[in-house]
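S.K.: this one's structure only:
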């Protein structure tokens, strides 16, 4: 099957790309509004893109055509955000925060979550999340109707046990992130892993 995403099949782009390009990590982003209220929302068009400097990107999309989601609006105003990673223990709460609510309504309270003050940025991190990446906005690119937020990662915070304190490598038995799979509601666990050494 072949699809022309710049032409006759453009209306299927989301369905095809969000279903086929998987698994995708989930950016569970916390921001604050003008009154320091915390907004939390998950985005699966997300990944890290480099380490010198350490950068990541995610695409929050729009609420309606031309109207940014609260996450993008808050980042543009403050220039700061936290990407919390999602594990199996947080999956249901993350899903709850994807609910469309009125501006100013706290998804944190809605999902029964807690926050912890960040080290380097104003928005707090989600206490229950296994990993938090404290970020500053480098740029927000608008490409057509897409909005891509690129952030510089200032701090990485992990729960105890996730990293080996000497090697800083991940203890796979202590870190069970989930991934986004086929739309509209597919997710995956990451328990079934295997190793492949790079060829010399």
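M.R.: That came in fine, so what should we check first? Because the structure is predicted, anything quoted here is derived from the model rather than measured. Numbering: from 1, shown residues only.

S.K.: going forward, measure contacts between C-alpha atoms and count neighbours the same way
M.R.: Noted.

S.K.: give me phi/psi at the residue positioned nearest the centre of the chain?
M.R.: For the chain, residue 27 is the residue whose C-alpha lies nearest the centre (C-alpha atoms, centre = their mean; 0.8 Å). When quoted as degrees, to the nearest 10, the phi and psi of residue 27 stand at phi -90, psi 110.

S.K.: What's opposite it in the beta bridge?
M.R.: residue 43 (DSSP bridges).

S.K.: right, and it touches residue 94 too?
M.R.: No. Using C-alpha atoms under 8 Å as the test, residue 27 is too far from residue 94 to be in contact (9.9 Å).

S.K.: Which residues are in contact with each of these two?
M.R.: 42, 86 (C-alpha atoms under 8 Å, 6 or more residues apart in numbering).

S.K.: Other residues contacting stretch 150-162?
M.R.: Residues outside stretch 150-162 that contact it (C-alpha under 8 Å, 6+ apart): 53-58, 119-120, 130-141, 170-172, 174-175.

S.K.: That should have said stretch 106-122, apologies.
M.R.: Contact partners of stretch 106-122, identified using C-alpha under 8 Å, 6+ apart, comprise 32, 37-41, 80-82, 93-94, 96-97, 99, 101, 123-128, 134-136, 154-155.

S.K.: picking that back up, state the distance from the residue nearest to the centre of the chain to residue 87.
M.R.: Going from residue 27 to residue 87 by C-alpha to C-alpha, to the nearest Å gives 11 Å.
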